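>>> Fold the stuff below for me.
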Amino acid sequence: MTIKYTEDHEWLKIDGDIAIVGITAHAAEQLGDLVFVELPDAGTQLDKGAEAATVESVKAASEVYAPLAGEIVESNEAIAGDPSLVNSDPAGEGWFFKMKLAKPADAESLLDEAAYKALID
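Numbering: from 1, shown residues only. Sure, this is the predicted structure:
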C-alpha cells in the first residue's frame, strides 16, 4: 500500500487502482472541531481537483478535492453521522471516501510523506 499527499492536505492510501482518501491531521487541526460532513455518492465520476466532499467546522466550511480522477466506490457514512471521527483519527477511521482511480500511475505526481511534511513546516 502506497501513501501519497496533495498540496490541498488530502492523503491517499493506494492499493492497486483503489484509493482511500481523507484529510491530513494538519488539515483537521486547522479546521477545528468538525460539525458536518457531506460525502459524494457511490458512482460519482470526478476529475482531479474536483470538489468531492464538504466539511464544516466551528471555524469554517471547506472543500475536500478529488486528488486524482476516478469513480467513487464507497463513502464513509460513519463520519457523516459522527464528524468528530475526522478530528480524532484523520488517517484511520476518519477517512472520507474510496475511489477507483482512472489512471493509478498518476499518483506518482503527488507528494510523498517527506515532501508533505516540508510543505506544512
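
>>> how long is stretch 53-66 from one end to the other?
8 Å (C-alpha to C-alpha, to the nearest Å).

>>> Over to stretch 100-120?
OK, stretch 100-120 end separation, C-alpha to C-alpha: 28 Å.

>>> which parts of it are buried?
Of all the residues in stretch 100-120, those buried under the rule 16 or more other C-beta atoms under 10 Å are 101, 104, 107, 110, 116. Quick note: C-beta positions are derived from backbone N, CA and C, even for glycine.

>>> who touches the helix or strand where the last one lies?
Assigned by DSSP states H and E, residue 116 belongs to helix 113-120. Helix 113-120 has contacts (C-beta atoms under 8 Å, 6 or more residues apart in numbering) with 3, 5, 7, 9, 24, 26, 111.

>>> swap in stretch 45-53?
In contact with stretch 45-53 (C-beta under 8 Å, 6+ apart) are residues 21, 37-40, 44, 63-72, 96-97, 99, 106.

>>> switch to 7 Å and redo it
Residues outside stretch 45-53 that contact it (C-beta atoms under 7 Å, 6 or more residues apart in numbering): 37-40, 63-72, 96-97.

>>> Same check on stretch 4-17?
With contact meaning C-beta under 7 Å, 6+ apart, stretch 4-17 is reached by 1-3, 19-24, 26-27, 64-65, 67, 91, 100-101, 104, 107, 110-113, 116, 119.

>>> Local confidence estimate at the residue lying closest to residue 111 once chain neighbours are set aside?
Closest residue to residue 111 in three dimensions, ignoring its sequence neighbours and counting by C-beta to C-beta, 6 or more residues apart in numbering: residue 5, at 4.3 Å. Predicted confidence (pLDDT) for residue 5: 98.
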